[in-house]
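>>> here is a sequence with its predicted model. Questions after.
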Amino acid sequence: MHLSKSQLKFLKTLTHNLKPVIMVGQNGVTENILKELETALDFHELVKIKIAGENKVSCATVIEQLIDASAAETIQKIGKTLTLFRRNNKKPKIELPKK
């Protein structure tokens, strides 16, 4: 799903009030993290993730792994915090503005 600029802007405004739902620790992206991400995206659609890491390279690697595994749209990346969106086609929670 490709989001328009107005839809991205709308979702960014929603991310300000979100607390991180998933915390990626020193072990990186594990099978349990991926299962938790799938569940969170199905339920919330918009998910904020906090990544623990000492350097930017390891943090960037974790971010890419999460994006690839989830097939979600990146809404925002700030430091070690990532926000992803994936539409739940069966039970949509967030009503996006028209393109």
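All right, it came through fine.
>>> for the rest of this, base every contact and every neighbour count on C-alpha atoms.
Will do.
>>> I figured residue 80 hits residue 55, correct?
No: with contact defined as C-alpha atoms under 8 Å, residue 80 does not reach residue 55; the gap is 9.7 Å.
>>> the two: who's more crowded?
residue 80 (18 against 9; other C-alpha atoms under 10 Å).
>>> what's near enough to touch that one?
50-53, 59 (C-alpha atoms under 8 Å, 6 or more residues apart in numbering).
>>> one more time with 10 Å, if that's ok
The contact partners of residue 80, by C-alpha atoms under 10 Å, 6 or more residues apart in numbering, come to 24, 49-56, 59-60, 62-63.
>>> and the residues you listed, which of them are buried?
By neighbour count, with 16 or more other C-alpha atoms under 10 Å, those hold 24, 49-53, 59-60, 62-63 as buried.
>>> can you put the residues you listed in CSV and add secondary structure and pLDDT?
Formatted as CSV, the buried ones among the contacts of residue 80 follow (DSSP: H, G, I helix; E, B strand; the rest coil; pLDDT from 0 to 100):
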residue, secondary structure, pLDDT
24, strand, 92
49, strand, 95
50, strand, 95
51, strand, 92
52, coil, 87
53, coil, 73
59, helix, 85
60, helix, 85
62, helix, 90
63, helix, 89
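>>> outside of stretch 3-20 itself, which residues are in contact with it?
Residues from elsewhere that reach stretch 3-20, judged by C-alpha under 10 Å, 6+ apart: 2, 46-51, 73-76, 81-85, 94-99.
>>> what's the helix or strand for the spatially most central residue of the chain?
The centre of the chain sits closest to residue 84, judged by C-alpha atoms, centre = their mean, with a distance of 2.1 Å. Here residue 84 sits within strand 81-85, counting by DSSP states H and E.
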